[in-house]
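1. one predicted model, sequence on top.
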Amino acid sequence: MTTSSPLFTPIDLGALKLKNRIVMAPLTRSRAVEGEVPTPLAIEYYSQRASTGLIISEATQISRQGQGYPATPGIFTDAQVEGWKPITEAVHAKGGLMVAQLWHVGRVSVSAYQPDGGPGVAPSAIAAKGEAMKPDFSMTPFETPRALTVDEIQGVVADYVHAAEMAKKAGFDGVEVHAANGYLIDQFLKDGANQRDDQYGGSVENRARFLLEVVAAVVEVWGAGRVGVRLSPSNGANDTMDSDPAPIFLHVAAALKPFGLAYLHLIEGEPGTPMSIKGGAPQLAAQMREAFGGPLMLNGGLTRELAEKAMTEGRADLVSIGVPVLANPDLVERWRTGAELNAPDKDTFYGGGAKGYTDYPTLAETKA
Ligand SMILES: Cc1cc2nc3c(=O)[nH]c(=O)nc-3n(C[C@H](O)[C@H](O)[C@H](O)COP(=O)(O)O)c2cc1C
């Protein structure tokens, strides 16, 4: 197996200097302890994966209002910051880099999580179809959310600023704004969830406004070279879809260009793979990469071969890898040498302890 693959060459993403182009994708593991503080086991879990060029943390809620799943860690209290510090230190000690993914789930939350016991918030009072997971891991139908007022939208932007500042205190190398997968920012972008008739709804400019305000505010805290943005133009996650993804997402890519961000991160299944986009929506990565003008990170069902293909065909500068990194702490070495991969255990993706978290063996451990 050749090692001249582009995957193993360094790349600079703004201020972040990556040793290779294989990034650990953000993976919610629902193992946080009391106070939505990351589990101490996460010190080992993340540092085991520090040979990736960059680690993107599991999604971390920016406020209590932003939470919508059980045992997900936050990044807004002092105790949470103290919980993250030994994690970022351990990753750095192993030569890795780590950014915090900043998250507000919007209408995917249900009243059981909300500080006021009311419904979750969203651009418009439209319920997603499907089910939410309650704090006790049981399922419940999505509730009809409450539409945010313009003043409240500014309050959420302030929550992003606070979380970005807390991520700095926690020792992260930067932040990723989670604007994908049907959560709050994606709900603003897509007309299936955003029916507002004010400056935050309607035209592509108006639907992109909230994202761009969040990005501008977070860039003030971190500098553009340490901020990335994650988008999912058309995977339909959490029942959030746009009737015509190309115009809004090409507008967003172009509008993000002047910031000079570290990277744009796109979830877009490769054609013909199980992750490929539903409903025959156009593949936008190549066009968005051109409109954005900076490094484009591609994600979604990528094997080593598909990752290299996406890079050589001009759709990506680097890739992020989710489930294979979850199950293979040394995925970079395994891809480099063409070794077999551990199989992921879906039953232990969410919740629990060390099983399925820190006990996936490395190649060396398998051979020993
Ligand atoms: C267990 C699990 C948890 C996930 N949590 C997050 C998350 O916190 N934030 C996010 O943006 N995406 C999340 N995703 C999506 C992944 O980042 C990624 O987009 C998806 O797994 C497809 O990439 P892959 O085929 O390389 O795994 C999650 C996926 C899985 C399987």
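-> Nice, I can see it. Residues are numbered from 1 along each chain as shown.
2. find the nearest non-adjacent residue to Gln61, please.
-> Gln67 (4.3 Å; CB to CB, 6 or more residues apart in numbering). No exception for glycine: its C-beta is placed from N, CA and C like everyone else's.
3. the one you found contacts Ala32, doesn't it?
-> No. Between Gln67 and Ala32 there is no contact under CB atoms under 8 Å: 10.0 Å.
4. what touches both of the two?
-> Residues touching both Gln67 and Ala32 comprise Gly74, with contact defined as CB atoms under 8 Å, 6 or more residues apart in numbering.
5. three-state assignment of the residue in the stretch 51-200 of the chain positioned nearest to the ligand?
-> Relative to the ligand, the nearest point of the stretch 51-200 of the chain is Ala59 (3.3 Å; CB to the nearest ligand atom). Ala59 falls in the strand class when you classify it by DSSP: H, G, I helix; E, B strand; the rest coil.
6. wait, it sits on Thr72?
-> Yes. Under the criterion of CB under 8 Å, Ala59 makes contact with Thr72 at 6.6 Å.
7. who has more neighbours, those two?
-> Ala59 (28 against 23; other CB atoms under 10 Å).
8. which residues are in contact with each of Ala59 and Thr72?
-> Common neighbours of Ala59 and Thr72 (CB under 8 Å, 6+ apart) are 28, 103.
9. around the ligand, which positions in the stretch 1-150 of the chain sit nearby?
-> By the rule CB under 6 Å from any ligand atom, the part of the stretch 1-150 of the chain lying against the ligand is 25-28, 58-59, 101.
10. give me the beta-bridge partners of Gly174?
-> Taking DSSP bridges as the rule, Gly174 bridges to Val99.
11. contacting residues for it?
-> So Gly174 contacts 14-16, 99-100, 222, 225-228, 262 (CB under 8 Å, 6+ apart).
12. please flag which of the residues you listed sit within strands.
-> In strands, defined here by DSSP state E, the members of those are 16, 99-100, 227-228.
13. I'd like those residues laid out as CSV, including pLDDT.
-> What follows is those, written out as CSV (pLDDT from 0 to 100):
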residue, pLDDT
Leu16, 98
Val99, 99
Ala100, 99
Val227, 99
Gly228, 99
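14. how near is Ala193 to Ala170?
-> 31 Å (CB to CB, to the nearest Å).
15. those two: which is more packed in?
-> Ala193 (27 against 23).
16. looks to me like the more buried one is in a strand.
-> No. The assignment for Ala193 by three-state DSSP gives coil, which leaves it out of any strand.
17. got a list of what it touches?
-> 107, 122-124, 126, 128, 182, 186-187, 240.
18. over to Ser57?
-> By CB under 8 Å, 6+ apart, the residues touching Ser57 are 26, 46, 98-101, 172.
19. now the residue of the stretch 201-350 of the chain found nearest the ligand: phi and psi?
-> Going by CB to the nearest ligand atom, the ligand is nearest to Gly322 of the stretch 201-350 of the chain, at 2.6 Å. Per-residue torsions, Gly322: phi -100, psi -90 (degrees, to the nearest 10).
20. right, is stretch 301-320 up against the ligand?
-> Yes. Against the ligand, stretch 301-320 shows contacts by CB under 6 Å from any ligand atom at 301-302.
21. am I right that His265 is in a helix?
-> No. Assigned with three-state DSSP, His265 falls outside any helix and is strand.
22. wait, it touches Gly228, no?
-> Yes. Using CB under 8 Å, His265 is in contact with Gly228, at 5.6 Å.
23. now for these two: what residues contact both?
-> 56, 176, 297.
24. hang on, the earlier thing: dump the ones in strands among the contacts of Gly174 into CSV; add neighbour count as well.
-> Output for those, formatted as CSV (neighbours: other CB atoms under 10 Å):
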residue, neighbour count
Leu16, 19
Val99, 26
Ala100, 30
Val227, 28
Gly228, 27
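25. could you pull out the helices for the stretch 151-300 of the chain?
-> Assigned by DSSP state H, counting those that start in this stretch, the stretch 151-300 of the chain shows helices spanning 184-189, 204-222, 245-256, 285-292.
26. burial-wise, tell me which of the ones you listed comes out on top.
-> With neighbours taken as mean count of other CB atoms under 10 Å, the helices of the stretch 151-300 of the chain reach their highest mean count in helix 184-189, at a mean of 28.
27. any idea how far that helix is from the chain center?
-> 14 Å (CA atoms, centre = their mean, to the nearest Å).
28. flag the shaky bits of the stretch 101-250 of the chain, pLDDT-wise.
-> For the stretch 101-250 of the chain, no stretch is flagged by pLDDT under 70.
29. what about 90?
-> In the predicted model of the stretch 101-250 of the chain, residues 234-236 satisfy pLDDT under 90.
30. look at Gln80 and give its secondary structure.
-> Assignment for Gln80 (three-state DSSP): helix.
31. what pLDDT is listed against it?
-> Gln80 carries a pLDDT score of 99 in this model.
32. possible to save the contacts of Gly174 as TSV with distance to Val214?
-> Shown next, in TSV, are the contacts of Gly174 (distance: CB to CB, whole Å):
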residue	distance to Val214
Gly14	17
Ala15	20
Leu16	20
Val99	15
Ala100	14
Trp222	12
Gly225	17
Arg226	15
Val227	10
Gly228	13
Ala262	15
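33. what is the nearest of those to Glu340?
-> Val99 (29.8 Å; CB to CB).
34. tell me the contacts of the closest one?
-> Going by CB under 8 Å, 6+ apart, Val99 touches 16, 54-57, 172-176, 226, 228.
35. about what we covered before: PyMOL command for the buried members of the residues of the stretch 1-150 of the chain next to the ligand?
-> Buried residues among those (16 or more other CB atoms under 10 Å), as a PyMOL selection:
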select buried, resi 25+26+27+28+58+59+101
